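Chemist: pasting the sequence and the predicted model now:
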Amino acid sequence: MTTKTEEITNSEDVLDSRDIIERIEYLEELRDEFVLNESATEDENPSWSEIAESQNDTESKWDETEEGQEYKALVSLRDELESYCDDWKYGVWLIRESYWVEYCEELCEDIGEVPSNLPWYIANHIDWEGVAREIKVDYTEADFDGITYYAR
């Protein structure tokens, strides 16, 4: 059994695709256990149609649980980004839209695009929103349960 038991929500500034993959696998295991336990019948010889109907009912119940809702949101996010992000299974950062400008500023500083000795009177007047708009063209936009994230 996987160990990613922490819920992944759209309130995080940065998400890692590897955590999403691990959480989906964990939720799938929970779903399978839920379906198995809920579908258990006292009838020792149920027909295939009874088994299928029971499983469909149980999967519908699962979909309504918190874990089921999280699972659907994460699978939708994965499906939306996996084909655009070649490194999805190796680790892609998803950046929340509300954190985007700050992320771009940190990125530019980290990769040396902003000199460390830049005078404050220049550094304080950089149009980081404009810089973030320019950087955004290299990223894919995705919706995670109503919140926009950017990934590359």
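Modeler: Happy to help now that I have it. Being a predicted model, the structure only gives us computed values, none of them experimental.
Chemist: and residue 94, that one's in a strand?
Modeler: Yes. Counting by DSSP: H, G, I helix; E, B strand; the rest coil, residue 94 is located in a strand.
Chemist: what stretches of this structure score poorly on pLDDT?
Modeler: For the chain, the stretches with pLDDT under 70 are 1-5, 39-58.
Chemist: 50 instead?
Modeler: Along the chain, the model assigns pLDDT under 50 to residues 1-2.
Chemist: got the buried residues for the longest helix seen in the chain?
Modeler: Secondary structure assigned by DSSP state H gives helix 17-39 as the longest helix of the chain. When burial is assessed from 16 or more other CB atoms under 10 Å, helix 17-39 yields the following buried residues: 17, 19-24, 26-27, 30-31, 34-35, 39. C-beta here means a position set from N, CA and C on the backbone, and glycine is covered the same way.
Chemist: stretch 114-132 now?
Modeler: By neighbour count on 16+ other CB under 10 Å, the buried set for stretch 114-132 is 114, 131-132.
Chemist: keep only those of these that are in strands.
Modeler: Among those, no member falls in strands (DSSP state E).
Chemist: list just the nearest of those to residue 72.
Modeler: residue 132 (30.2 Å; CB to CB).
Chemist: what two of the buried residues of helix 17-39 are the furthest from one another?
Modeler: Greatest spatial distance in the buried residues of helix 17-39: 17 and 39, 31.9 Å, computed using CB to CB.
Chemist: quick one, phi/psi of the closest residue to residue 84 other than its chain neighbours?
Modeler: Spatial nearest neighbour of residue 84, excluding adjacent residues (CB to CB, 6 or more residues apart in numbering): residue 140 at 4.3 Å. Main-chain torsions, residue 140, degrees, to the nearest 10: phi -100, psi 140.
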